[in-house]
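Undergrad: Could you look at this predicted model? Sequence included:
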Amino acid sequence: MAPVAGMLKERGYTVTGSDTGVYPPASTLLDSLGIRWNEGFREENLKPAPELAVVGNVIARGNPELEYILDKKLSYCSMPQLLEEFFIAGHRSIVVAGTHGKTTTTAMLAWIFHTAGRRPDFLIGGVAPNFGDRSYGLGGGEEFIIEGDEYETAFFDRGPKFLHYHPDELILTSLEYDHADIYPDVASIARQFRLLVNLVPRGGRILIWGESPALKEVAAKAFCQVESFGLTRDCDWHASDVAWRNDASEFRVTFRGSEVARIRMPVAGRHNVLDALAAVALAQGRGIERAATERAMSTFVSVRRRMEIKGEGNGILVVEDFAHHPTAIRLTLEAARTRWPGRKIWAAVEPRSNTMRLKIFQEVLPDALSLADFVAIGPVSRSQLLAEEDRLSPEALAESLHGRGCGAKAFANASQIADHFAANAKPGDLVMVMSNGSFDGLCAKLLEQFKRLAEARK
């Protein structure tokens, strides 16, 4: 919502808003743009009445501002509706959807198009350092590049956001079970992806991760051209000779056997190679020259909170990642092993997302987390809202990890985790903090303790 407010401000609109617990980067973006926002929801925040109220998908009946909007019959819409009507209309819509990799792939695409001089409009679900730590851009070019979220749109529209984005070209990165608060099973998510596929016009194009049977099924009845990308040779777009050399991933891109690019990018991990491959494939199809694509990828900086180095203290590196799903956790830890070989990895994971808080992944999380040397499990967020039989058990998760030969412990809070790591981690080790929230400032707590230890050694 904060980046969309910024987009409206840049278009010349006066924008205000309300929320609770606003923290960076949203708060700093709004402040830097001079957008006034209110802490908390009150009827007075809507006086004088706005021409249009944009209702976020966390807003439910009973919210005082929403009730005022309905009582006074003020004009309102959802954020995806606003994007649909105010920004996407008149552009060639490029949508990136999938359980994992949406944000990174969208950022890569936007940077490739920008580097090629195509002046794209774009909206990314994360902070992109390549664009001065912005999540959006209004370049005025032909394309609008947007991350397509499968989460619901608003209290009055329970369908996924991405159905409002009218893709001319579509990337599907992956399809797994997530968002347990609104989807009962993976089949219900796949149904929404099929609806999205059905929106692509005959002259459009869909790129799917070719090693996913679920995505092949989703795209099976598409009316447009469908191409696959992946690490196996049967994919149309193939990444080969993948290697990590001198702080960069290198690989060749071939399209049906013919080389079309050689990529070198300063980010690690198989998942990032796949994201880059999808971005390269789409850019090639839009007529972007090989040299521009290769130049863009060589200067790509990963989105904030995607294996982002937060600092180092006492010789211990602290890295933060958004990973909040077993697959994302596994890929993140694999990438960490590639990028920082030989370092002992201390992982801290917070069960915070609506899916991670539940027992759904109780049995599969240990396999993903056991790639670390030691795992600290934080408390389940908002645990009081869940019945014990439905709630993930950090203690049981720690026991399972012990059974796999991995050190693990459940902690009551972030401060306890910071204390434990400060007492046990050694110079040369790596701490990976994984959460889709702030984890109660764990990264800052760790760096403070590690730097204190370094001072004490002097």
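TA: It's in. Note that the structure is a prediction, hence the values are computed from the model and not measured.
Undergrad: With adjacent residues omitted, what lies nearest to Ala26?
TA: Distance criterion C-beta to C-beta, 6 or more residues apart in numbering; nearest residue to Ala26, sequence neighbours excluded, is Ala2 at 3.9 Å. Quick note: C-beta positions are derived from backbone N, CA and C, even for glycine.
Undergrad: That neighbour and Leu83: what is the separation?
TA: Distance from Ala2 to Leu83, counting by C-beta to C-beta, to the nearest Å: 14 Å.
Undergrad: Same question for Pro201.
TA: Counting by C-beta to C-beta, the gap from Pro201 to Leu83 is 19 Å.
Undergrad: who's more crowded, those two?
TA: Using other C-beta atoms under 10 Å as the criterion, Pro201 and Leu83 rank with Leu83 on top: 22 against 12.
Undergrad: Backbone dihedrals for the more buried one, please?
TA: Main-chain dihedrals, Leu83, degrees, to the nearest 10: phi -60, psi -40.
Undergrad: State the number of residues packed around the closest residue to Ala372 other than its chain neighbours.
TA: Computed as C-beta to C-beta, 6+ apart, the closest residue to Ala372 that is not its neighbour in sequence is Ala347, at 3.7 Å. By other C-beta under 10 Å, the residues close to Ala347 number 28.
Undergrad: try Ser383
TA: Close neighbours of Ser383, defined as other C-beta under 10 Å, add up to 13.
Undergrad: correct me, but it touches Arg391?
TA: Yes: using C-beta atoms under 8 Å, Ser383 makes contact with Arg391 at a distance of 6.0 Å.
Undergrad: list the residues that contact both of these two?
TA: By C-beta atoms under 8 Å, 6 or more residues apart in numbering, Ser383 and Arg391 have these common neighbours: Arg357.
Undergrad: Identify the bridge partners of the residue nearest to Ala372.
TA: Here Ala347 sits in beta bridges with Val375, Met432, going by DSSP bridges.
Undergrad: Likewise for Tyr76?
TA: With DSSP bridges as the rule, Tyr76 is bridged to Ala53.
Undergrad: my guess is it meets Gly56, correct?
TA: No: with contact taken as C-beta under 8 Å, Tyr76 and Gly56 are classed as non-touching, separated by 11.0 Å.
Undergrad: what about the strands in the stretch 51-200 of the chain?
TA: For the stretch 51-200 of the chain, applying DSSP state E, counting those that start in this stretch gives strands covering 53-55, 76-78, 92-97, 121-128, 134-138, 143-148, 152-154, 157-160, 169-172.
Undergrad: closest to Met432 out of these?
TA: strand 121-128 (17.8 Å; C-beta to C-beta).
Undergrad: helices or strands up against that closest one?
TA: Under the contact criterion of 3 or more C-beta pairs under 8 Å, 6 or more residues apart in numbering; DSSP states H and E, strand 121-128 touches helix 2-10, helix 102-115, strand 134-138, strand 143-148.
Undergrad: strands paired with the shortest one, and their directions?
TA: Partner strands and pairing direction for strand 134-138 (DSSP bridges) are strand 121-128 (antiparallel).
Undergrad: and Leu385, what pLDDT?
TA: In this prediction, Leu385 carries a pLDDT score of 81.
Undergrad: meant to ask about Lys458
TA: At Lys458, the model reports a pLDDT of 72.
Undergrad: how far away is it from Ala328?
TA: According to C-beta to C-beta, Lys458 stands 39 Å off from Ala328.
Undergrad: So if I had to pick from these two, which one is more boxed in?
TA: Ranked by neighbour count (other C-beta under 10 Å), Lys458 and Ala328 place Ala328 first, with 23 against 4.
Undergrad: can you tell me how far the residue minimising distance to the centre of the chain sits from Lys426?
TA: Most central in the chain under C-alpha atoms, centre = their mean is Thr103, positioned 4.4 Å from the mean C-alpha point. Going from Thr103 to Lys426 by C-beta to C-beta gives 33 Å.
Undergrad: I figured Cys38 hits Val22, correct?
TA: Quick fix: residue 38 reads Asn, not Cys. No: counting by C-beta under 8 Å, Asn38 does not reach Val22; the two are 9.5 Å apart.
Undergrad: Now for Ile316: which residues touch it?
TA: Ile316 makes contact with Phe421, Ala425, Lys426, Pro427, Gly428, Asp429, Leu430, Val431, Leu446, Phe450, according to C-beta under 8 Å, 6+ apart.
Undergrad: Can you say which of those residues are buried?
TA: For the contacts of Ile316, a neighbour count by 16 or more other C-beta atoms under 10 Å gives the buried set as Phe421, Ala425, Asp429, Leu430, Val431, Leu446, Phe450.
Undergrad: how about the closest residue to the fourth one other than its chain neighbours, what does it touch?
TA: Nearest residue to Leu430 in three dimensions, chain neighbours excluded: Arg343, at 4.3 Å (C-beta to C-beta, 6+ apart). When the contact criterion is C-beta under 8 Å, 6+ apart, the partners of Arg343 are Leu317, Gly428, Asp429, Leu430.
Undergrad: One more: Leu277?
TA: Leu277 is in contact with Phe229, Gly230, Trp237, Ala239, Phe251, Val253, counting by C-beta under 8 Å, 6+ apart.
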